[in-house]
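Student: Please work out how this folds:
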Amino acid sequence: IGRAFVLSAAEKNGSYVFQRMALDNMVVQDAFFIKRGSQLIKVLTDNIFWVQAMDNYVIIQSSSDQFIIHSTMKEIESKLPAGLFARVHRSYIINISKIQMLDENDVIISEKSIPIGKSYKDSFKQRLSFL
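Tutor: Predicted coordinates:
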């Protein structure tokens with residue numbers, strides 16, 4: 001198995017110097033890549049609205065696209081930043097910063113009503129600020 005490399009350009013004395021850097025040492029803090037066909041698409045975690053469970057798949061809804069991947073909610077939840085995301089239902093993880101409205105039993109994000117499960121309600125509401 002070969003190693004993946006990326007070219008990095010730095011300008012020195014009016015000309016560019018290219019340097020190879022191994023990809024296995026690079027970490028993307030605020031995003032992850034989702035495979036679609038033969039492409040890897042970068043998805044910023046801040047652009048994700050919600051994650052929805054569907055049998056053995058999850059739907060990741062972002063501001064610009066929807067991705068369906070073979071994974072469990074537990075796997076996805078472990079990869080998302082805990083400070084930005086909250087599990088509100090056995091079938092939903094939401095981006096807290098994208099909440100538009102809150103009802104007694106639902107969260108509204110981008111005109112979609114997402115249910116709040118009874119077992120998640122107290123811990124979820126403790127994470128929010130109320131006046």
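Student: Can you tell me the centre-most residue of this structure?
Tutor: Nearest to the geometric centre of the chain sits Thr45, at 3.7 Å (CA atoms, centre = their mean).
Student: does it really touch Asp30, like I thought?
Tutor: Yes. Using CB atoms under 8 Å, Thr45 is in contact with Asp30, at 5.7 Å. Bear in mind the C-beta positions are built from the backbone N, C-alpha and C, glycine included.
Student: partner residues bridging Glu68?
Tutor: No, residue 68 isn't Glu; it's Ile. The partner list for Ile68 in beta bridges (DSSP bridges) reads Ile59.
Student: List the contacts of it.
Tutor: 54, 57-60 (CB atoms under 8 Å, 6 or more residues apart in numbering).
Student: For the protein, which segments are assigned as strands?
Tutor: Remark: strands assigned in the chain by DSSP state E are 5-12, 15-22, 31-36, 39-44, 48-54, 57-62, 66-70, 85-89, 92-95, 101-102, 106-109, 112-115.
Student: Switch the ones you listed over to CSV; also include mean pLDDT and distance to Phe130.
Tutor: What follows is those, written out as CSV (pLDDT from 0 to 100; distance: least, CB to CB, whole Å):
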stretch, mean pLDDT, distance to Phe130
strand 5-12, 50, 46
strand 15-22, 51, 47
strand 31-36, 88, 31
strand 39-44, 90, 28
strand 48-54, 96, 22
strand 57-62, 95, 26
strand 66-70, 93, 31
strand 85-89, 96, 15
strand 92-95, 98, 17
strand 101-102, 94, 9
strand 106-109, 97, 14
strand 112-115, 97, 19
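Student: I'd like to know which of those strands lies nearest to Gln126.
Tutor: Proximity to Gln126 (CB to CB) singles out strand 85-89 among the strands of the chain, at 10.1 Å.
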